[in-house]
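A.B. asks: Sequence and computational prediction follow.
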Amino acid sequence: QVQLVESGGGLVQAGGSLRLSCAASGGTFSTYAMAWFRQAPGKERDFVAAINWSGGMTPYSDSVKGRFTISRDNAKNTVYLQMNSLKLEDTALYYCAAGRLLRSTDREYNYWGQGTQVTVSS
């Protein structure tokens with residue numbers, strides 16, 4: 001069983017930056033694909049980015065490509081999401097997820113954190 005704990009969310013002005021972290025425990029972190037999803041109020045949960053076990057594959061959603069960067073440190077059992085040039089529409093609850101396959105659909109991920117809130121203000 002893998003436990004995931006997100007941190008780093010907060011309130012930021014449009015154009016600013018935040019870095020989210022997701023610390024994993026209870027499993028062999030380096031064997032899992034990791035992903036970030038987000039859910040805005042009244043909307044479905046959407047894929048943001050994912051990273052394979054080695055960090056060599058990092059797909060992104062079109063809405064964040066070029067602004068967000070996902071990375072991982074297997075020695076620290078942590079995955080990160082660096083978010084730059086934040087927009088109002090990036091406001092959401094951001095979830096970290098772990099799964100065996102690198103996918104962009106949430107049903108492929110077995111383990112989820114509780115989420116960290118990101119709010120972008122004008």
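C.D. replies: Thanks, I have the structure now.

A.B. asks: which ones are touching V120?
C.D. replies: V120 sits next to V12, Q13, A14, G16, L86, K87, L88, E89, D90, T91 when contact means CB atoms under 8 Å, 6 or more residues apart in numbering. Backbone N, C-alpha and C define where each C-beta goes, glycine included.

A.B. asks: Sorry, slip of the keys, the one I care about is N52.
C.D. replies: Applying CB under 8 Å, 6+ apart, the residues near N52 are A33, T58, L102.

A.B. asks: about what we covered before: pull out the buried residues from the contacts of V120.
C.D. replies: With burial judged by 16 or more other CB atoms under 10 Å, the buried subset of the contacts of V120 is V12, L86, D90, T91.

A.B. asks: Could you verify my assumption that the first one touches S121?
C.D. replies: Spelled out, it's V12. Yes. Between V12 and S121 a contact is recorded at 7.3 Å, counting by CB atoms under 8 Å.

A.B. asks: which one among the contacts of N52 gets closest to W112?
C.D. replies: Proximity of the contacts of N52 to W112 (CB to CB) peaks at A33, which lies at 13.5 Å.

A.B. asks: what about the closest one, how many neighbours?
C.D. replies: 20 (other CB atoms under 10 Å).

A.B. asks: Over to P59?
C.D. replies: So P59, with other CB under 10 Å, has 16 neighbours.

A.B. asks: and if you look at L4?
C.D. replies: L4: 25 neighbours (other CB under 10 Å).
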